[in-house]
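Q: sequence and computational prediction follow.
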2 protein chains.
Amino acid sequence: MSITKMTDVYPTRTGTEVKIIQRQDPVVYGKDKKGPLSVEQLDFFEKNGYLFLENYFTPQEVEELQQEMNRMLEANRGSSASEVILEPDGDDVRSIFAVHQSSSVFEALYKKPKLNEAARQILGSEVYIHQSRINFKPGFAGKEFYWHSDFETWHAEDGMPRMRAFSCSIALTDNYPFNGPLMVMPGSHQKFVSCIGETPDDHYKHSLRKQEYGVPDHDSLTMLAEQYGIETPVGKAGSILLFDCNIMHGSNSNISPYPRSNIFMVFNSVENKLTDPFAAAKPRPEFIAHRS
Amino acid sequence: MSITKMTDVYPTRTGTEVKIIQRQDPVVYGKDKKGPLSVEQLDFFEKNGYLFLENYFTPQEVEELQQEMNRMLEANRGSSASEVILEPDGDDVRSIFAVHQSSSVFEALYKKPKLNEAARQILGSEVYIHQSRINFKPGFAGKEFYWHSDFETWHAEDGMPRMRAFSCSIALTDNYPFNGPLMVMPGSHQKFVSCIGETPDDHYKHSLRKQEYGVPDHDSLTMLAEQYGIETPVGKAGSILLFDCNIMHGSNSNISPYPRSNIFMVFNSVENKLTDPFAAAKPRPEFIAHRS
């Protein structure tokens, strides 16, 4: 047990009992900071746990990102690299991780002021990329991502101490209500659903294809959905969705012919650096959870 | 080969080549008939291949139907009756067939003038129930129904000669864009997508859980989606969706907590009675395809 381990205010995967814990942390840490997000937008994010912005990237920017995505998809088809995750039922590429390291285009992307300064407004400090990935969700065959809080996994398996991180999903294809868009429960970021079961060793090798631990129970999900409702913010390629690390979210399958491809970048505060995992024997590899 | 077998204007599952065939039949056969559907509604159905009507059933009617549905769900949990179809991954009930025969409530339902007379307007003749079923699509775990034309299967496996039938789906729970609603391609009922592969014996025993033959190919689906688009008509319990036997439709999975339960009733014209199957060794059982 490392000396950096602190009191765990968000215990999870510790037993057989489900517990719902009130959030102990702010949502927006840098309200007074000037940047690309308006006060109204920051207030919306604070209240709802997400913020959807249309046309955040120009058609030219989108085209460059799409080209880079397609290049990486082609280059990684059938790859056995650990950064490349395949669909549960086949060889289609589901995700590629650590793209801000393997691609200079995506490295430049997260450094753009309109993302980086927005991240500093939300997190109130310097920031770094905790995780980056492309999700392809191919047409006809894209499978669901079941409901989860990202923070639950990052806390349990990566050792992220507190809720001071968020994801930015950049749509690289048009999103429709029917091609498996992200569903969020607005306001659910205020509740932490402690999950049952213990984390098996090397859980990530399976969980990135299909998650079986850190999965909220039906009663908690029903209660959250009744209380907060479900929204599916969708828009054209170039729109972005920012969402808090603890918002309950998931997505249905995609049998439509239209792939739903996004770049995900998780910004973490430098004041919220990873410690030992809170509910796993050892931390996940660096390509899933960067430590600086 | 029976003497009733006629020239097949919609060949399917006969080889390895995909063919798209223009529809050879009318869509609305009884435009001049008076009934619950207006001329505008019949025109919409003819053009788009579907018609969605909110509040078609009163809250009292809906409540009676819901009670009957729940009674049947309870009575059939874990059942091994052939009329009861389970989800591919578990023991949850996915569908119950022939409910207009096993339930006096559902028998009375299809005889209601507001359904039966609407059916006569669309089909231009006396009608009978070709198939009836309840689809439960449970919350959290409901799986997708892949794209298909009902007529392709009814023609290949049941011996339905021509396109002179339609489905009526009555929503018994509220439908949302995110709980796996039916997706239709409006106008696609004008194209028959001939499918490849031959029908295996007793195909229905698997196909009702997960269909593998009579499945349109990706190129045809992409072409239809580009030409016709995709709509997801949704509404409260009590709404109905009428859709032509040949419209391309399907639905995504449902990880939301909200079940998507519907009663399906397929009306066929008495002038379109079943013959020998057009692409299967023997017809499917009566509970799936009634012959009168």
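A: Perfect, I can see it now. Numbering: from 1, shown residues only, chains lettered A, B, ... in the order given.
Q: for the stretch 101-250 of chain A, what lies in contact range of chain B?
A: With C-beta under 8 Å from any C-beta of the partner chain as the criterion, the stretch 101-250 of chain A comes near chain B at residues A:139-140, A:143-144, A:146-147, A:176-178, A:180, A:183, A:218, A:221-222, A:225, A:230, A:232, A:250. Any C-beta I mention is one placed from the backbone N, CA and C, and that applies to glycine too.
Q: show me which of these are buried.
A: Applying 16 or more other C-beta atoms under 10 Å in any protein chain shown to these, the neighbour count classes A:139-140, A:143-144, A:146-147, A:176-178, A:180, A:183, A:221, A:225, A:230, A:232, A:250 as buried.
Q: ok, and the closest non-adjacent residue to the residue in the stretch 51-200 of chain A positioned nearest to chain B?
A: Residue nearest to chain B within the stretch 51-200 of chain A: residue A:177 (4.0 Å; C-beta to the nearest C-beta). In space, not counting the residues next to it along the chain, residue A:177 is nearest to residue B:177; the distance is 4.0 Å by C-beta to C-beta, 6 or more residues apart in numbering or on different chains.
Q: how about residue A:176?
A: In space, and not counting its chain neighbours, residue A:176 is closest to residue A:234: 6.0 Å by C-beta to C-beta, 6+ apart.
Q: need the per-residue pLDDT for residue A:3.
A: In the prediction, the pLDDT value recorded for residue A:3 is 46.
Q: around residue A:91, how many other residues sit close by?
A: For residue A:91, the count of nearby residues is 9 (other C-beta atoms under 10 Å in any protein chain shown).
Q: one more: residue A:251?
A: Per other C-beta under 10 Å, the neighbour tally for residue A:251 reads 25.
Q: just the strands in the stretch 151-292 of chain A please.
A: Along the stretch 151-292 of chain A, the stretches classed as strands by DSSP state E, counting those that start in this stretch are A:165-171, A:182-184, A:191-194, A:240-244, A:249-251, A:262-269.
Q: pLDDT weak spots in the stretch 151-292 of chain A?
A: Segments of the stretch 151-292 of chain A classed as low confidence (criterion: pLDDT under 70) are A:205-212.
Q: now the helices for it?
A: A:204-207, A:218-228 (DSSP state H, counting those that start in this stretch).
Q: distance check, the residue nearest the centre of chain A against residue A:262.
A: Within chain A, one residue has its C-alpha closest to the average C-alpha position: by C-alpha atoms, centre = their mean, that is residue A:167, at 4.8 Å. Counting by C-beta to C-beta, to the nearest Å, the separation of residue A:167 from residue A:262 is 10 Å.
Q: re earlier: show me the contacts for the residue nearest to the centre of chain A.
A: When contacts are counted by C-beta atoms under 8 Å, 6 or more residues apart in numbering or on different chains, residue A:167 is found next to A:150, A:242, A:243, A:245, A:264, A:265, A:266, A:267.
Q: if you set the cut-off to 6 Å instead, what comes out?
A: When contacts are counted by C-beta atoms under 6 Å, 6 or more residues apart in numbering or on different chains, residue A:167 is found next to A:243, A:264, A:266.
Q: residue B:17 versus the last one, what's the distance?
A: From residue A:266 across to residue B:17, the span is 48 Å (C-beta to C-beta).
Q: residue A:190 too?
A: Summarising the geometry, the distance separating residue A:190 from residue B:17, computed by C-beta to C-beta, is 57 Å.
Q: shouldn't residue A:72 be within a strand?
A: No. The assignment for residue A:72 by DSSP: H, G, I helix; E, B strand; the rest coil gives helix, which leaves it out of any strand.
Q: what about the residue nearest to it when sequence neighbours are not counted, neighbour count?
A: Distances taken as C-beta to C-beta, 6+ apart place residue A:96 nearest to residue A:72, at 5.9 Å, with adjacent residues excluded. When neighbours are defined as other C-beta under 10 Å, residue A:96 has 26 of them.
Q: cool, residue A:286 as well?
A: Around residue A:286 there are 12 residues (other C-beta under 10 Å).
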